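Asks: Build the 3D model from these lines:
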Amino acid sequence: MNSIFFDTIRKISASQLTDITVTSDRCSDVSCKTKKICSACQDNCVVDAIDIGEGVEIDWDKCIKCGICAAVCPTEVFKIQAPSDNKILRSITSSKNENIIIECDFVDKSFQGKEKRPRTSGRKIIVPCIGRFSETFLLLSTLSRGDKAKYVSCTSDCSFLIGKEVIDKMWRRTENLFKIFEKNPIENKEDIHSDNKDQTGRRELLRETRFQAIELPLSQKDQSTGLSNVNIKTPPQRAELLQLIEMYSPPTVLIDKKEMHFSNIKLSPEKCRLNGICASVCPTDALQFLGNNQGKELSFKMGLCVGCEACVYICPEEALEIDEEIDLGLLSSQQTIMKLKYQLCTSCGKQFSVKTGYDSSICKSCVKTQSFLEEYGKDSEIS
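Replies: Here you go, the predicted model:
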């Protein structure tokens, strides 16, 4: 790696990214201690500054504060404090008719590379690496400003190769999310953020969606800690996205799960004993287990599932599996996938449990007893 490049990144980071906070409790590896579940932050850190053990730790002597760890972590363990995504989004939306150009410091200063292209006029927002932006942020910023928000793509001579890979992946995911809000699907990512194409009439965004895209993240009470009305396990940007989706009736959009940080869980009712261990290891509370004197139930929210498969690994009955396809139109819905209700046996008077979809007024013991008596009675008649 080019040491001069990273030295430059460290210098601009000192003024632009003063801190990255870490919430280890959100890490899927920390939740499921017995198996390596996710290593996205480590795999994408170009300076090997992240270590996952009992918690998630950053070696600040190595860290260049590019922010890529915050973008690639599906459970949002990392949060950039300055400038925060909300601060950048506020800056983007504050300009009325002015073009907003978001680009990295490397492109801004050198604007070199093998590609020769004209400069784009507009107000600039400079960050160490565009790879720091998650698909949720890219969606919100583009919904808010439409064609007025432009992201300058990387040059081929950029030393931050992993950053380029992250950017491409995030734009592919953003394309898929756009399909929830617009009538016509986007054909390719060049239509979203290319400097070289005429983007006039590229999409017809829903007017109210643009207002909601602006208001949701900017109306939170505490910008430094994220959403104030969610627990520590709920990824804040996921919560923002799901709030936005819940206001509409999104169409059915079937996507291969490999393309997104979402997954759908399939459960085998005949295997499940509803012990709740799967929910206990879920890093985002996508699976929730509730129990009282009326019964027990397991609910699932696809929009919070990150596909870490901790629940699949931990289930002793092997009752769970990950579906290969997801429906983006169901991201905000929460469904009960397993339920047990308690009732009294009309035969022996003891309490027993009945699974959803089954109807019985007597417990299994009494069923066996009745079957035995009926069979015994037949044998007696024959003899």
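
Asks: So which residues make contact with stretch 350-364?
Replies: 269, 295-296, 336, 338-348, 367, 370 (Cβ atoms under 8 Å, 6 or more residues apart in numbering). For every residue, glycine as well, the C-beta is placed using N, CA and C.

Asks: OK, contacts around the closest residue to residue 328 other than its chain neighbours?
Replies: Among residues not flanking residue 328 along the chain, residue 253 sits closest, at 4.0 Å (Cβ to Cβ, 6 or more residues apart in numbering). Residue 253 makes contact with 176, 179, 180, 327, 328, 329, according to Cβ under 8 Å, 6+ apart.

Asks: among the contacts of stretch 350-364, which are in helices?
Replies: Members of the contacts of stretch 350-364 lying in helices (criterion: DSSP state H): 367, 370.

Asks: And the closest residue in space to residue 67 that isn't next to it in sequence, how close does it get to residue 105?
Replies: Nearest non-adjacent residue to residue 67, counting by Cβ to Cβ, 6+ apart: residue 132, 3.0 Å away. Between residue 132 and residue 105 the distance is 12 Å, computed by Cβ to Cβ, to the nearest Å.

Asks: So those two - more neighbours on which side?
Replies: Neighbour totals were compared for residue 132 and residue 105, and residue 132 leads with 26 against 17 (other Cβ atoms under 10 Å).

Asks: That one is in contact with residue 72, isn't it?
Replies: No: at 9.6 Å, residue 132 does not count as touching residue 72 under the criterion of Cβ atoms under 8 Å.

Asks: So what's the residue count around residue 271?
Replies: 12.

Asks: what's the answer for residue 292, then?
Replies: 8.

Asks: Same check on residue 42?
Replies: Neighbour number of residue 42 under other Cβ under 10 Å is 16.

Asks: Spit out the contact partners of it.
Replies: Residues counted as contacts of residue 42 (Cβ under 8 Å, 6+ apart) are 48, 50, 51, 52.

Asks: could you redo these as TSV and give each row pLDDT, neighbour count and distance to residue 317?
Replies: Formatted as TSV, the contacts of residue 42 follow (pLDDT from 0 to 100; neighbours: other Cβ atoms under 10 Å; distance: Cβ to Cβ, whole Å):
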residue	pLDDT	neighbour count	distance to residue 317
48	91	9	39
50	94	23	35
51	92	13	34
52	89	19	28
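
Asks: Beta-bridge partners for residue 125, please?
Replies: With DSSP bridges as the criterion, residue 125 is bridged to residue 102.

Asks: An error on my part: the question was meant for residue 256.
Replies: Going by DSSP bridges, residue 256 forms beta bridges with residue 325.

Asks: how much space between it and residue 175?
Replies: Noted for residue 256: a distance of 13 Å to residue 175, by Cβ to Cβ.

Asks: More neighbours: which of these two?
Replies: Neighbours were counted for residue 256 and for residue 175 using other Cβ under 10 Å; residue 175 has more, 20 against 10.

Asks: helices and strands around the helix or strand encompassing the more buried one, which ones?
Replies: Using DSSP states H and E, residue 175 maps to helix 161-181. Using 3 or more Cβ pairs under 8 Å, 6 or more residues apart in numbering; DSSP states H and E, the elements in contact with helix 161-181 are helix 68-72, helix 135-145, helix 190-193.

Asks: Who are the packing partners of the following helix or strand past the longest one?
Replies: Reading on from helix 135-145 to the C-terminus, the next helix or strand found by DSSP H and E is strand 149-151. Contacts of strand 149-151 with other secondary structure elements, assessed using 3+ Cβ pairs under 8 Å, 6+ apart, are made with strand 100-104, helix 135-145.

Asks: May I see the buried residues of the longest one?
Replies: Read that as helix 135-145. Within helix 135-145, the residues that count as buried by 16 or more other Cβ atoms under 10 Å are 135, 136, 137, 138, 139, 140, 141, 142, 143, 144, 145.

Asks: Now for residue 295: which residues touch it?
Replies: Contact analysis of residue 295 by Cβ under 8 Å, 6+ apart lists 339, 340, 341, 342, 353.

Asks: beta partners for it?
Replies: Going by DSSP bridges, residue 295 forms beta bridges with residue 292, residue 341.

Asks: how about CSV for the buried residues of helix 135-145, with pLDDT and distance to residue 167 added?
Replies: Output for the buried residues of helix 135-145, formatted as CSV (pLDDT from 0 to 100; distance: Cβ to Cβ, whole Å):
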residue, pLDDT, distance to residue 167
135, 90, 11
136, 89, 15
137, 89, 12
138, 90, 9
139, 88, 14
140, 87, 17
141, 85, 14
142, 82, 14
143, 82, 19
144, 78, 20
145, 75, 18
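
Asks: Now flag whichever of those residues is closest to residue 101.
Replies: Ranked by distance to residue 101 (Cβ to Cβ), the buried residues of helix 135-145 are led by residue 145 at 11.4 Å.

Asks: Have a look at this protein and report the helix or strand with the lowest mean pLDDT.
Replies: The weakest-scoring helix or strand in the chain, judged by mean pLDDT, DSSP states H and E, is helix 190-193 (a mean of 45).
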